[in-house]
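[1] Pasting the sequence and the predicted model now:
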Amino acid sequence: MTATVLVVEDEPAIREGLVATLESEGYTTTAVADGNAALAALRGTAPDLVLLDIMLPGRNGYDVCRDLRRLHPRLPVIMLTAKSEEIDKVIGLELGADDYITKPFGVRELLARIGAVLRRSAPTVPPPADPDRAEPFVFGEARIDPAALRGQLADCGFDLTPRELRLLEFLHDRPGMVLGRDRLLHEVWDYEHIGNTRTLDQHIAMLRKKIEPDPRHPRYLTTVHGAGYRYEGE
Ligand code: CA
């Protein structure tokens with residue numbers, strides 16, 4: 001199977017480097033330099049994954065990501081960020097990007113992230129063994145519908161990425177237990193994680209915005225200082 005990657009990057013050297021790297025690994029690529037070209041490319045056929053630069057001429061990567069999600073809600077997106085502070089925005093805006101990579105990045109990291117995101121999004125990946133897994137469940141005050149990748153808190157519906165769902169499921173199955181960051185990264189990210197726990201913390205922050213009645217004062221998905229996170233149960 002050959003996965004197709006759409007590369008959206010305005011800097012020619014980076015764009016061409018990405019294309020060369022991906023093609024040498026057996027990926028098929030389409031490369032464009034701005035958001036309009038990206039959306040035009042997506043109207044034809046959906047790639048398997050999008051590498052999306054944030055700092056683009058004209059419409060930036062955030063806007064492009066939002067539009068792209070409208071066209072293809074499940075299409076995996078990895079954002080390319082130039083500065084570490086942009087990461088907050090990627091996650092904070094709830095754009096639904098599946099991952100991000102901070103420039104400059106190494107080839108190995110890039111390929112690991114792409115491989116991991118593709119594995120998670122692949123329709124051939126079987127759901128977790130628990131046959132009840134597809135059944136809706138309650139997390140705190142939120143109702144989660146795994147099959148739809150949707151949740152509901154009071155009157156507000158929200159979307160979940162596959163990874164957020166997996167994180168919720170893992171926590172939900174272990175109410176009251178303190179789960180260390182390393183363990184969560186290992187269990188939920190299912191690949192050799194490169195480096196830091198910030199990704200996890202950002203996902204927790206994102207989930208709190210969705211499932212906590214007051215995200216600034218979490219009641220259900222709590223931090224255990226110096227240890228990790230805990231699901232407090234319903
Ligand atoms: Ca750029």
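    Sure thing, it's come through.
[2] contacts and neighbour counts: CA atoms only from here.
    Will do.
[3] Excluding chain neighbours, what is closest to the residue of the chain found nearest the ion?
    Closest approach between the chain and the ion, counting by CA to the ion: Met55, at 4.2 Å. Of all residues not flanking Met55 in the chain, Gly61 sits nearest, at 6.3 Å (CA to CA, 6 or more residues apart in numbering).
[4] quick one: Pro73 and Arg198, what's the gap?
    From Pro73 across to Arg198, the span is 25 Å (CA to CA, to the nearest Å).
[5] what residues does this structure put near the ion?
    Neighbours of the ion within the chain, by CA under 5 Å from the ion: Met55, Leu56.
[6] where does the chain have its least confident helix or strand?
    Sorting the helices and strands of the chain by mean pLDDT, DSSP states H and E puts helix 86-92 at the bottom, at a mean of 59.
[7] before we move on, the earlier item: residues contacting the residue of the chain closest to the ion?
    Residues in contact with Met55 (CA atoms under 8 Å, 6 or more residues apart in numbering) are Gly61, Thr81, Ala82.
[8] Save the residues you listed as a markdown table, and put in distance to Ala142, pLDDT and neighbour count too.
    Output for the contacts of Met55, formatted as a markdown table (distance: CA to CA, whole Å; pLDDT from 0 to 100; neighbours: other CA atoms under 10 Å):
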| residue | distance to Ala142 | pLDDT | neighbour count |
| --- | --- | --- | --- |
| Gly61 | 30 | 88 | 23 |
| Thr81 | 32 | 84 | 21 |
| Ala82 | 35 | 78 | 16 |
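[9] These into TSV, with extra columns for secondary structure?
    Formatted as TSV, the contacts of Met55 follow (DSSP: H, G, I helix; E, B strand; the rest coil):
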residue	secondary structure
Gly61	helix
Thr81	strand
Ala82	coil
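[10] Look at the residue positioned nearest the centre of the chain and report its pLDDT.
    For the chain, the residue nearest the mean C-alpha position is Asp98 (1.9 Å; CA atoms, centre = their mean). With respect to pLDDT, Asp98 scores 77.
[11] Could you list every helix and strand that the helix or strand hosting Ala112 packs against?
    Using DSSP states H and E, Ala112 sits in helix 107-121. Contact analysis of helix 107-121 by 3 or more CA pairs under 8 Å, 6 or more residues apart in numbering; DSSP states H and E lists strand 99-102, helix 162-172 as its packing neighbours.
[12] Run the chain-centre distance for the first one.
    When you say that, I think you mean strand 99-102. 9 Å (CA atoms, centre = their mean, to the nearest Å).
[13] Counting by contacts, list what it packs against.
    So strand 99-102, by 3+ CA pairs under 8 Å, 6+ apart, packs with strand 77-81, helix 107-121.
[14] how many other residues sit next to Asp155?
    Asp155: 5 surrounding residues under other CA atoms under 10 Å.
[15] Repeat that for Thr28.
    Thr28: 16 neighbours (other CA under 10 Å).
[16] what about the nearest residue to it once chain neighbours are set aside, how many neighbours?
    Counting by CA to CA, 6+ apart, Thr4 is the residue found nearest to Thr28 once chain neighbours are left out, at 4.6 Å. Per other CA under 10 Å, the neighbour tally for Thr4 reads 18.
[17] Mean pLDDT lowest where, among the helices and strands packed on helix 107-121?
    strand 99-102 (a mean of 82).
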